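**Q** Need a 3D model of the sequence below.
(one chain, ligands or ions: 1)
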Amino acid sequence: MGIHVPTTPAGRAALDAIVDRPSATLVGLDFDGTLAPIVENPEDARAHPDALPALMALAPEVAAVAVVTGRPAEVAVRNGGFAGVRGLEHLVVLGHYGAERWDARTGALTAPPPHPGVAAVRAELPRVIDAAGGGQGVRVEEKGGRAVAVHTRRATDPQAAFDALRAPLTDLAARHGLIVEPGRMVLELRPPGMDKGVALLEHVRETGAASVLYAGDDLGDLPAFAAVEKLRSDGVPGLLVCSGSTEVTELAERADLVVDGPAGVVALLRELAGQLGGSSRSA
Ligand SMILES: O=P(O)(O)OC[C@H]1O[C@H](O[C@H]2O[C@H](CO)[C@@H](O)[C@H](O)[C@H]2O)[C@H](O)[C@@H](O)[C@@H]1O
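**A** Numbering: from 1, shown residues only. All right, here's what the predicted structure looks like:
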């Protein structure tokens, strides 16, 4: 038995299934807070230095690896360093909560047309932020015209700024046909209709995976957790991993295994790769 032992029976059963039949396993991983340590400036987020080596070791052992992120796919690919990596030829990055897709095999990016509400919201954003008194230290992240994120991590009181902005931004988003996706000191205004749960289930279907490991750290990962719970109720083993965060307790409460942030995720992936390496793989 390894050092990472799930605390729940369902988690232990899933880990057994993964080790028994890795070639039927889909590994889904969030980016920020899971593969990449949280930093103050979103542009500075990079994958943990040991993340790529761990993924390179694990990916050839399993059916598929997907990064499922709120980031635009090309930003996750760039900040993660995922392009052209040996062992990651079949990596898929599902960006904008699954609305976008990047395939390592082809380098192709598929994305829906931008929602017109994003430009409208962007134009009104400075006024709404000012009116909410949340201007000090609040930062707007442009997300390729497909969404816009309002960050409060650098505000004097990040939680107070988040709380003050939440209702006005929800109202602004609704007026333009968007939704608000709350995260770790961030309120993202984005188109409705897709979430990480839908994205993960579609990818499970596409790959024919018979077991799943999903790791995340934020509220946007809850739909993926729910998707894994649904798969489990349908008889598909699933291991839920929380990349530990004191900012988001909901995920830790539903996880089978809580690890110590991106360093802990990397250690888990490395341990799993070590366990699977050279195992007799059955299709
Ligand atoms: O689905 P994810 O890969 O977790 O992306 C979700 C959001 O993550 C980013 O924000 C978070 O990370 C930042 C950099 O570490 C941090 O400053 C911020 O406080 C976090 O919420 C990203 O900037 C957003 O666009 C993503 O939606």
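
**Q** SS state for Leu239?
**A** Secondary structure state of Leu239, per DSSP: H, G, I helix; E, B strand; the rest coil, is strand.

**Q** In contact with the closest residue to it other than its chain neighbours, which residues?
**A** Residue nearest to Leu239 in three dimensions, not counting chain neighbours: Ala14, with 3.9 Å by CB to CB, 6 or more residues apart in numbering. The way it works is simple: take the backbone N, C-alpha and C, and place the C-beta from them, glycine included. Listed by CB atoms under 8 Å, 6 or more residues apart in numbering, the contact partners of Ala14 are Pro6, Ser211, Val212, Leu213, Arg232, Pro237, Gly238, Leu239, Asp256.

**Q** if I read this right, the fourth one contacts Ala24, doesn't it?
**A** No: in terms of CB atoms under 8 Å, Leu213 does not count as a neighbour of Ala24; the distance is 11.8 Å.

**Q** confidence score at the residue lying closest to Val92 once chain neighbours are set aside?
**A** With sequence-adjacent residues excluded and distances taken as CB to CB, 6+ apart, Val92 is closest to Ala66, at 4.7 Å. What the model reports for Ala66 is a pLDDT of 98.

**Q** Give me the more crowded residue out of Leu213 and Ala24.
**A** Using other CB atoms under 10 Å as the criterion, Leu213 and Ala24 rank with Leu213 on top: 29 against 22.

**Q** and the closest residue in space to Lys196 that isn't next to it in sequence, which of the three is it?
**A** Counting by CB to CB, 6+ apart, Ala224 is the residue found nearest to Lys196 once chain neighbours are left out, at 4.0 Å. Taken by three-state DSSP, the conformation at Ala224 corresponds to helix.

**Q** so what's Ala224 up against?
**A** Applying CB under 8 Å, 6+ apart, the residues contacting Ala224 are Gly28, Asp30, Val68, Asp195, Lys196, Gly197, Ala199, Leu200, Tyr214, Gly216.

**Q** Surely Glu43 is in a helix?
**A** Yes: Glu43: assigned to a helix according to three-state DSSP.

**Q** So Phe67 belongs to a strand, correct?
**A** Rather than Phe, residue 67 is Val. Yes: under three-state DSSP, Val67 sits within a strand.

**Q** State the number of residues packed around Asp103.
**A** Counted by other CB under 10 Å, the residues lying close to Asp103 total 15.

**Q** how about the nearest residue to it, chain neighbours excluded?
**A** Closest residue to Asp103 apart from its sequence neighbours, by CB to CB, 6+ apart: Val92 at 5.7 Å.

**Q** what's the distance between that neighbour and Thr207?
**A** From Val92 across to Thr207, the span is 9 Å (CB to CB, to the nearest Å).

**Q** any common contacting residues for those two?
**A** Common contacts of Val92 and Thr207, defined by CB under 8 Å, 6+ apart, comprise Ala64.

**Q** Between those two, which has more neighbouring residues?
**A** The neighbour count for Val92 versus Thr207, taken as other CB under 10 Å, is higher for Val92 (23 against 18).

**Q** My read is that that one contacts Ala64, right?
**A** Yes: judged on CB under 8 Å, Val92 makes contact with Ala64 at a distance of 7.0 Å.

**Q** Common neighbours of those two, please.
**A** Common neighbours of Val92 and Ala64, using CB under 8 Å, 6+ apart, are His203.

**Q** about what we covered before: assumed the residue nearest to Leu239 was part of a helix.
**A** Yes: according to three-state DSSP, Ala14 belongs to a helix.

**Q** where exactly do the strands run in the chain?
**A** Assigned by DSSP state E, the chain shows strands spanning 25-29, 64-68, 92-95, 100-103, 109-110, 139-142, 148-151, 179-183, 186-190, 211-216, 238-243, 257-259.
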